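Asker: what follows is a predicted structure for the sequence shown.
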Amino acid sequence: MKAAVLVFPGLNRDRDMIAALTKIGGAEPAIVWHQDADIPNVDLIVIPGGFSYGDYLRCGAIAARSPMMEKVRERAAKGVRVLGVCNGFQILIEAGLLPGALMRNTSLKFVCREVKLEVTNTDNAFTSGYGKGQIIRCPVAHHDGNYFADAETLAALEGDGRVAFRYAEGTNPNGSLNDIAGILNAEKNVLGLMPHPENLIESAHGGVDGRALFAALLDKAA
């Protein structure tokens, strides 16, 4: 499976993501700068974390309006898988590829620590390497990860099995509604999540709980 990592000015987790995809997939992903003409023919597009455009206006707001994101929309509509992590999640929401909003953490502070996640749904390509209800460890590092949606949207997400990850065991770091840590689009080929699974994929990181997500996407054994 071929992957591409989309890079905007201000992102700082692109190298971590590239390393994870390379180590698990066995091949380096294509690196796509936001001003490139197009995205190569790939099966997976990843938007990593960081602070695109310095989080000016709103987190992800400027990157979401890049012409490159129209290419992402086109590929997603054709079934290509799209993964957005942290600022990548914020960009996907700002671009309308995922519903809701990511607001300031309720603590009004930047949070950088390890949390517990419950794998809420495994009926999709992203979480199929986990067991439903499985609790995994994962680091977070964000200031605006407080997921919010109106009651109708929230009911649809829950009812359609589109909540992929939920903060577990009282470790919600930002005040997200229903402890939501990651959500899917209606077709379940777009996933956005605030935690960083790419930073827990080998023993040198202190654990491998994030590895199964990438292994499932890249069709590799975890």
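Answerer: Received, thanks. Numbers count the residues shown, from 1 in each chain.

Asker: does residue 89 sit in a helix, a strand or a coil?
Answerer: Applying DSSP: H, G, I helix; E, B strand; the rest coil to residue 89 yields a three-state assignment of helix.

Asker: what pLDDT is listed against the closest residue in space to it that isn't next to it in sequence?
Answerer: On the basis of C-beta to C-beta, 6 or more residues apart in numbering, the spatially nearest residue to residue 89 that is not a chain neighbour turns out to be residue 192, at 3.5 Å. To be clear about C-beta, it is placed using only N, CA and C from the backbone, and glycine gets the same treatment. Here the pLDDT value assigned to residue 192 is 98.

Asker: packing partners for the host helix or strand of residue 192?
Answerer: Secondary structure assignment for residue 192, by DSSP states H and E: strand 190-193. Contact partners of strand 190-193 among helices and strands, from 3 or more C-beta pairs under 8 Å, 6 or more residues apart in numbering; DSSP states H and E: strand 81-85, helix 87-94, strand 163-168, strand 180-184.

Asker: save these as JSON lines, and put in mean pLDDT, distance to residue 58 and mean neighbour count too.
Answerer: Conversion of the helices and strands packed on strand 190-193 to JSON lines gives the following (pLDDT from 0 to 100; distance: least, C-beta to C-beta, whole Å; neighbours: other C-beta atoms under 10 Å):
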{"stretch": "strand 81-85", "mean pLDDT": "98", "distance to residue 58": "15", "mean neighbour count": "26"}
{"stretch": "helix 87-94", "mean pLDDT": "98", "distance to residue 58": "7", "mean neighbour count": "28"}
{"stretch": "strand 163-168", "mean pLDDT": "98", "distance to residue 58": "22", "mean neighbour count": "24"}
{"stretch": "strand 180-184", "mean pLDDT": "98", "distance to residue 58": "18", "mean neighbour count": "28"}
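
Asker: what is the burial count for the spatially closest residue to residue 154 that is not a sequence neighbour?
Answerer: Residue nearest to residue 154 in three dimensions, not counting chain neighbours: residue 177, with 6.3 Å by C-beta to C-beta, 6+ apart. A count of nearby residues for residue 177, using other C-beta atoms under 10 Å, gives 16.

Asker: wait, residue 177 sits on residue 147?
Answerer: Yes - taking C-beta atoms under 8 Å as the contact criterion, residue 177 and residue 147 are neighbours in contact, 5.9 Å apart.
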